[in-house]
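Visitor: generate a structure from the sequence data that follows.
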Amino acid sequence: MNTTPPATPKLVLCIKWGTKYGADDVNRLQRMVARHITPPFQLVCFTDDAAGIDPAVRTLPLPELGCPEPQRTRGKWRKLALWGPSLADLQGTALFVDLDSVIVGSLDPYFSHGDPEAVILERNWSRPLSGLGQTSVFRFPIGSHPEILAQFRSNPQAIADRYRYEQHFVTACLGRELRFWPRGWTRHFRLHCLGPLPLRYLRPARLPAGSRIITFPGGPNPNDARRGRWKPDSPPYAGRRAHLGRALRQGNWGAVRRFAMPVPWIERHWS
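Guide: As a prediction, this is how the structure comes out:
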């Protein structure tokens, strides 16, 4: 008789509140994770609306932030509720993945890399010399740093005014304990795939070799990027010449920069 205990499922977390993301986004993440992870695994979605979410996903109520949400801020401060002393009945180490991520390679190394007690974030690629972390993809032992949420609760508006983004605050709280993923695993769509001007007018966004997750902070989101749009209300893709001509006629220099050709590899992986 086989007495080997069953393997502990790898724990993947996401969070969905409000109307920006829907059940389809959670279900898509479930499918992407399933294609790129060695089972067993469990995707857990913290949400205020579980309607339409695949039964394979475990849904739980949003964890309590425990204080008023800051105003006049762009940061996703509700994510700080993940740092409480407990998280429902979950235990162990968890990998958090933003819903607007595209998984393109194996997730297994995100669970085996480094000290299992470490908190590991991605670098803030927009400010690579700052030492700041980015929380689109991070691993943490559940309940290991309750001081992050406790400190935030002590003065949420002042903290939001000072740090602007929750990931900057998390970086400051972790200090020297913070670790980063190996370079090349988690890539920033605009910076590592799309490239600067004029490259984005010469070729579609590339998929960097060795990448595992592509993140989309600051837009465009995957659904728009795959279609060659920058925003949901952008005109349908009509080619680089048409886009450039329209932007120049309008004197809209920002629109000159906000250009992307349709991206076939997003179409393949984001499903």
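Visitor: please make it C-alpha for all contacts and neighbour counts, starting now.
Guide: Will do.
Visitor: contact partners of stretch 15-23?
Guide: 45-54, 62, 79, 98-99 (CA atoms under 8 Å, 6 or more residues apart in numbering).
Visitor: now it: buried residues?
Guide: For stretch 15-23, the neighbour count (16 or more other CA atoms under 10 Å) marks 15-16, 22-23 as buried.
Visitor: export those as JSON lines, with columns for distance to residue 158, pLDDT and secondary structure.
Guide: Below are those laid out as JSON lines (distance: CA to CA, whole Å; pLDDT from 0 to 100; DSSP: H, G, I helix; E, B strand; the rest coil):
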{"residue": "15", "distance to residue 158": "24", "pLDDT": "98", "secondary structure": "strand"}
{"residue": "16", "distance to residue 158": "25", "pLDDT": "98", "secondary structure": "strand"}
{"residue": "22", "distance to residue 158": "31", "pLDDT": "97", "secondary structure": "coil"}
{"residue": "23", "distance to residue 158": "33", "pLDDT": "98", "secondary structure": "helix"}
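Visitor: ok, those residues vs residue 135, which is closest?
Guide: When those are ranked by distance to residue 135 (CA to CA), residue 15 comes first, at 12.3 Å.
Visitor: distance of that closest one relative to residue 196?
Guide: 31 Å (CA to CA, to the nearest Å).
Visitor: for the buried residues of stretch 15-23, give me JSON lines that also has distance to residue 110.
Guide: Output for the buried residues of stretch 15-23, formatted as JSON lines (distance: CA to CA, whole Å):
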{"residue": "15", "distance to residue 110": "19"}
{"residue": "16", "distance to residue 110": "22"}
{"residue": "22", "distance to residue 110": "26"}
{"residue": "23", "distance to residue 110": "25"}
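Visitor: just give me the closest of those residues to residue 180.
Guide: residue 15 (21.6 Å).
Visitor: bridge partners for that closest one, pull those for me.
Guide: residue 46 (DSSP bridges).
Visitor: can you get me the start-to-end distance on stretch 253-271?
Guide: Span of stretch 253-271 from end to end, CA to CA: 33 Å.
Visitor: now swap in stretch 229-236 and tell me
Guide: By CA to CA, one end of stretch 229-236 lies 7 Å from the other end.
Visitor: buried ones in that stretch?
Guide: 229-230.
Visitor: with stretch 219-231 instead?
Guide: 220-230.
Visitor: then stretch 142-153?
Guide: 142-146, 148-150, 152-153.
Visitor: what does stretch 85-101 give?
Guide: Buried-residue list, stretch 85-101, by 16+ other CA under 10 Å: 85-87, 93-101.
Visitor: with just CA atoms, put it into CSV.
Guide: Extracted in CSV, the C-alpha atoms of stretch 85-101 (Å, rounded to 0.1, in the frame of the first residue of the first chain):
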residue,chain,number,x,y,z
PRO,A,85,-1.6,38.1,10.5
SER,A,86,-3.9,35.5,8.9
LEU,A,87,-5.6,35.1,5.5
ALA,A,88,-8.8,33.1,5.9
ASP,A,89,-7.8,29.5,6.6
LEU,A,90,-4.8,29.6,4.2
GLN,A,91,-1.3,28.6,5.4
GLY,A,92,2.1,28.3,3.9
THR,A,93,3.7,30.2,1.1
ALA,A,94,1.6,31.8,-1.7
LEU,A,95,2.3,33.3,-5.1
PHE,A,96,0.3,36.3,-5.9
VAL,A,97,-0.4,37.1,-9.6
ASP,A,98,-2.2,40.2,-10.9
LEU,A,99,-5.2,39.5,-13.1
ASP,A,100,-3.8,41.5,-16.1
SER,A,101,-0.7,39.2,-16.3
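Visitor: list the contacts for the residue nearest to residue 39 when sequence neighbours are not counted?
Guide: Nearest residue to residue 39, sequence neighbours excluded (CA to CA, 6 or more residues apart in numbering): residue 9, at 7.0 Å. Taking CA under 8 Å, 6+ apart as the criterion, residue 9 is in contact with 39-42.
Visitor: next one: residue 90 from residue 55, what distance?
Guide: 18 Å.
Visitor: packing partners of the longest strand along the chain?
Guide: Selection of the longest strand in the chain by residue count, based on DSSP state E, yields strand 133-141. The contact analysis (3 or more CA pairs under 8 Å, 6 or more residues apart in numbering; DSSP states H and E) places strand 133-141 against strand 93-97, strand 119-123, helix 166-174.
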